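Engineer: Prediction below, plus the sequence it came from.
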Amino acid sequence: KQEVTQIPAALSVPEGENLVLNCSFTDSAIYNLQWFRQDPGKGLTSLLLIQSSQREQTSGRLNASLDKSSGRSTLYIAASQPGDSATYLCAAPEGGGSNYKLTFGKGTLLTVNP
Amino acid sequence: ETGVTQSPTHLIKTRGQQVTLRCSSQSGHNTVSWYQQALGQGPQFIFQYYREEENGRGNFPPRFSGLQFPNYSSELNVNALELDDSALYLCASSLKTGPSTDTQYFGPGTRLTVL
């Protein structure tokens, strides 16, 4: 059974700071991992999808890494902005093969202060 | 290309009632998954529908049921509502080709409050 843990649960930083969000998962037989953003009361926006054959994926100021052997993924946000304030969720598929079921962490609530 | 849409946006029901939530999948997608997100928690997988059949189910009781229609839209039905059913219900669509499934794209969710 896949379990996903995210650390820290909450993070408050001043604008412009670089930051790292951490995600760990128990079942390393995954073939991808996704990072999502969720604004209060809203749905999920997919940020990055890392295939197991990749070690990193980048989109703008976001960079996600995946280390299957250690069961860890990190989301790096460069030069944070107040608009980055949201909850960030990572999700791993249950076991190998089809990712028909995503298991989510509880998320990291990020606040970027102007 | 239209994204995933869900209706209604908000819903208030009382204990014991039944509710139906609706989801229209993204164009070209054949698979719909439903998730329940309680306040302060990550989404929990309820079930997935592929080609109008249930393709996997999470740890939810049988009073949670679903349908997928030929146009790949989907419904989530919950009978005998309980207070703990209050949550944000998220629908995600994806394209399943063979044994693997592509990225899931989420809708805006339906906020259900049970009084």
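Structural biologist: Looks like it came in fine.
Engineer: Tell me the bridge partners for the closest residue to chain B within chain A.
Structural biologist: Residue of chain A nearest chain B, by C-beta to the nearest C-beta: A:Phe104 (3.3 Å). All C-beta spots, glycine's among them, are computed from the backbone N, C-alpha and C. Note on A:Phe104: beta-bridge partners by DSSP bridges are A:Ala91.
Engineer: Look at it and report its pLDDT.
Structural biologist: At A:Phe104, the model reports a pLDDT of 96.
Engineer: so it sits right up against B:Ala38, yeah?
Structural biologist: No: when contacts are counted by C-beta atoms under 8 Å, A:Phe104 is not listed as touching B:Ala38 (11.7 Å).
Engineer: Specify which residue of these two has the higher count of neighbours.
Structural biologist: A count of neighbours by other C-beta atoms under 10 Å in any protein chain shown puts A:Phe104 above the other of A:Phe104 and B:Ala38, at 24 against 13.
Engineer: Pull the contacting residues for the more buried one.
Structural biologist: A:Val4, A:Leu89, A:Cys90, A:Ala91, B:Tyr35, B:Gly42, B:Pro43, B:Gln44 (C-beta atoms under 8 Å, 6 or more residues apart in numbering or on different chains).
Engineer: got TSV for these, with secondary structure and neighbour count too?
Structural biologist: Listed next are the contacts of A:Phe104 as TSV, based on DSSP: H, G, I helix; E, B strand; the rest coil; neighbours: other C-beta atoms under 10 Å in any protein chain shown:
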residue	secondary structure	neighbour count
A:Val4	strand	23
A:Leu89	strand	26
A:Cys90	strand	30
A:Ala91	strand	27
B:Tyr35	strand	27
B:Gly42	coil	22
B:Pro43	coil	28
B:Gln44	strand	18
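Engineer: wait, which of those residues is closest to A:Pro40?
Structural biologist: A:Pro40 has its nearest neighbour among the contacts of A:Phe104 in A:Leu89, at 13.3 Å by C-beta to C-beta.
Engineer: B:Asn55 versus that closest one, what's the distance?
Structural biologist: The span separating A:Leu89 from B:Asn55 equals 23 Å under the rule C-beta to C-beta, to the nearest Å.
Engineer: what's near enough to touch the residue of chain B found nearest chain A?
Structural biologist: Nearest to chain A in chain B, going by C-beta to the nearest C-beta, is B:Gly42, at a distance of 3.3 Å. Residues counted as contacts of B:Gly42 (C-beta under 8 Å, 6+ apart) are A:Val4, A:Leu89, A:Ala91, A:Phe104, A:Gly105, A:Lys106, A:Gly107.
Engineer: For the most centrally placed residue in chain B, what is the enclosing helix or strand?
Structural biologist: For chain B, the residue sitting closest to the mean C-alpha position, by C-alpha atoms, centre = their mean, is B:Trp34 at 2.9 Å. Element membership for B:Trp34 (DSSP states H and E) is strand B:31-37.
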